[in-house]
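A.B. asks: sequence and predicted structure are below.
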Amino acid sequence: MGQAMAHGGEGAAAATLPATMAMGFGMAQEMMRQMQQPSTAPGAQPGLVVPPGNDAFSAAATQDAQATPVGAAPALQVYTPEPTAQLLGVDVADVLAELETGQLKGRKIGANWRIAQAALDEFLRGA
């Protein structure tokens, strides 16, 4: 093996393959270890961390990875009158009437209404 490495040729590539693979596996293991440990260094970038004990390729880890990253604003949940009516168990006409009177806050964009989850929560609290 040493002679093949020293003289080059096809034997050199075959002789170094196990060492190259071992280096790759070692690097991958170190990367996985770093991903599983939360960073406590000052000024470190917030990010997604796989909790210890979870397989990085498990369903839970995939779900965590798709979650909102640390420090990011949550996505704004917006409804049209149809799903709002379904959520409230009323007719779409009732939702539209509440929007027109201003009891239920919403935005009219063109001919279409949009209702934020926060406005729906406020309406349900009676505020």
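C.D. replies: The structure has been received and is ready for your questions.

A.B. asks: what's Lys105 in contact with, if anything?
C.D. replies: The neighbours of Lys105, taking C-beta atoms under 8 Å, 6 or more residues apart in numbering as the test, are Ile115, Ala116, Ala119, Glu122, Phe123. For glycine as for every other residue, the C-beta is placed from the backbone atoms N, C-alpha and C.

A.B. asks: in three-state terms, label it for me.
C.D. replies: Going by DSSP: H, G, I helix; E, B strand; the rest coil, the secondary structure assigned to Lys105 is coil.

A.B. asks: show the model's pLDDT score for it.
C.D. replies: What the model reports as pLDDT for Lys105 is 96.

A.B. asks: ok, now how distant is it from Gln29?
C.D. replies: Counting by C-beta to C-beta, to the nearest Å, the gap between Lys105 and Gln29 amounts to 53 Å.

A.B. asks: any idea how far Phe25 is from Gly126?
C.D. replies: For Gly126, the distance to Phe25 (C-beta to C-beta) stands at 61 Å.

A.B. asks: kindly report the same for Tyr79.
C.D. replies: Where Phe25 is concerned, Tyr79 sits at a distance of 49 Å (C-beta to C-beta).

A.B. asks: quick one, which of these two is more surrounded?
C.D. replies: Tyr79 (19 against 10; other C-beta atoms under 10 Å).

A.B. asks: surely that one touches Leu88?
C.D. replies: No: at 10.2 Å, Tyr79 and Leu88 do not qualify as touching, with contact defined as C-beta atoms under 8 Å.
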